[in-house]
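Asker: structure for this input, please:
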Amino acid sequence: MDIVSQLQDQVDHIASLLFNHVGTLQRDAPPASLDKRAAKKEGAPHPEPLAAAVVQAARVLDELIAACPATAQGEEAQLARIEELQNESDRLGEEIREELEGAEADQEIVDAMFLSLADSCLPMAKKPNGATETRVVDASKQIDTHMSMDEDFPP
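Answerer: This next block holds a predicted model:
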């Protein structure tokens, strides 16, 4: 696992500890008393082990931060590199958009060619007024007809 993922996991772990420990302290705390002289009840929460767990998790986080590679560049150089990478990303994004538009145009051409081919392959019927009409024929019947013809005339 890379260092960034380890850092994220450790921060999540610390957040979980804090959330659970604060909830435990609230749940186990005795009710507030109006009488300042009231004796403390036994069974009050003991925050020491909870705090020790949070401190231990924070130490692990500090070790992970120390293990991160140091950058020899200053902040300005890092910002310049980020800007350079962003420009490259924008350029590549534009190339992808152009390729997508070209592919969509090619798809439209292929669809038009397919429709034209399909129209030319379908049987045409003459209407009484001389106009032609495309008739959709059941392809399974055509296949059966061709198969029966082939059976009669072996190659």
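Asker: quick one, helices of the chain?
Answerer: Using DSSP state H, the helices of the chain run over 3-28, 47-67, 75-121, 139-152.
Asker: JSON lines for those, including distance to Arg37, mean neighbour count and mean pLDDT?
Answerer: (C-beta placed from N, C-alpha, C; glycine too.) Formatted as JSON lines, the helices of the chain follow (distance: least, Cβ to Cβ, whole Å; neighbours: other Cβ atoms under 10 Å; pLDDT from 0 to 100):
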{"stretch": "helix 3-28", "distance to Arg37": "23", "mean neighbour count": "13", "mean pLDDT": "92"}
{"stretch": "helix 47-67", "distance to Arg37": "24", "mean neighbour count": "12", "mean pLDDT": "93"}
{"stretch": "helix 75-121", "distance to Arg37": "58", "mean neighbour count": "10", "mean pLDDT": "93"}
{"stretch": "helix 139-152", "distance to Arg37": "97", "mean neighbour count": "9", "mean pLDDT": "47"}
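Asker: redo the ones you listed as TSV? Include distance to Leu34.
Answerer: Compiled in TSV, those are given as follows (distance: least, Cβ to Cβ, whole Å):
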stretch	distance to Leu34
helix 3-28	19
helix 47-67	24
helix 75-121	55
helix 139-152	89
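Asker: who are the contact partners of Pro47?
Answerer: 21, 25 (Cβ atoms under 8 Å, 6 or more residues apart in numbering).
Asker: and the gap between it and Pro69?
Answerer: Pro47 sits 37 Å away from Pro69, taking Cβ to Cβ, to the nearest Å as the criterion.
Asker: ditto for Val110
Answerer: According to Cβ to Cβ, Val110 stands 50 Å off from Pro69.
Asker: ditto for His21
Answerer: On the measure of Cβ to Cβ, His21 and Pro69 end up 33 Å apart.
Asker: can you check Asp106 too?
Answerer: Distance from Asp106 to Pro69, counting by Cβ to Cβ: 46 Å.
Asker: next one: Gln6
Answerer: Distance, Gln6 to Pro69, using Cβ to Cβ: 13 Å.
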